[in-house]
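*Asks:* Structure for the following, please:
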Amino acid sequence: MFVGNLSFDTTSNELEQLFAAAGEVVKVVLPTDRETGRPRGFGFVEFASDEAAEAAISKFHNFEHRGRNLRVNEAEERPQGAPGGAGFGRSFGAPDQGRRPPRPKGSRRNIRGRKRGL
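*Replies:* Numbering: from 1, shown residues only. Just a heads-up that it's a prediction; the model follows:
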């Protein structure tokens, strides 16, 4: 299950205890920011059964926790070719798709000067 709109102070143990009311929790993951190490405000909860997951959606969607209304729904697979959410522009490793080559760095005067010096 995807759990969004979490308080940044929420711990995985706290989330596991909360969702245990819906059924047996197998795993809780709270991704953290690479640079700061702080939680990113969302997480994933894995249940032992589909029935427990459906119960969690009905019980905890829009549930107020730490002053925030949780968003709980079924987690979706990430689309292929979009590592880390690189959805804007092109994905890493994707071929250029009709794009112009990058412009050379520096002013035109320097480029002309280099051409004359050859």
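*Asks:* tally of neighbours for Glu64?
*Replies:* 9 (other C-beta atoms under 10 Å). Using the backbone N, CA and C atoms, a C-beta is placed for each residue, glycine as well.
*Asks:* How about it: what's its closest non-neighbour residue?
*Replies:* Leu70 (7.7 Å; C-beta to C-beta, 6 or more residues apart in numbering).
*Asks:* Quick one: residues contacting that neighbour.
*Replies:* By C-beta atoms under 8 Å, 6 or more residues apart in numbering, the residues touching Leu70 are Val3, Gly4, Asn5, Leu6, Phe60, His61, Asn62, Phe63, Glu64.
*Asks:* Is the first one in contact with Ala75, as I believe?
*Replies:* Okay, so that is Val3. No - counting by C-beta atoms under 8 Å, Val3 does not reach Ala75; the two are 9.1 Å apart.
*Asks:* So if I had to pick from these two, which one is more boxed in?
*Replies:* Val3 (27 against 12).
*Asks:* Contacts for the helix or strand harbouring that one next, please.
*Replies:* Val3 belongs to strand 2-4 when assigned by DSSP states H and E. The contact list for strand 2-4 (C-beta under 8 Å, 6+ apart) reads 15, 19, 41-45, 60, 70-76.
*Asks:* what does stretch 49-66 give?
*Replies:* 1, 3, 6-7, 9-10, 18-19, 21-24, 45, 47, 69-74.
*Asks:* rewinding a little: which of the contacts of Leu70 are buried?
*Replies:* If you count burial by 16 or more other C-beta atoms under 10 Å, the buried members of the contacts of Leu70 come out as Val3, Leu6, Phe60.
*Asks:* Dig out what the first one forms beta bridges with.
*Replies:* Right, Val3. Beta-bridge pairing for Val3 (DSSP bridges): Gly43, Val72.
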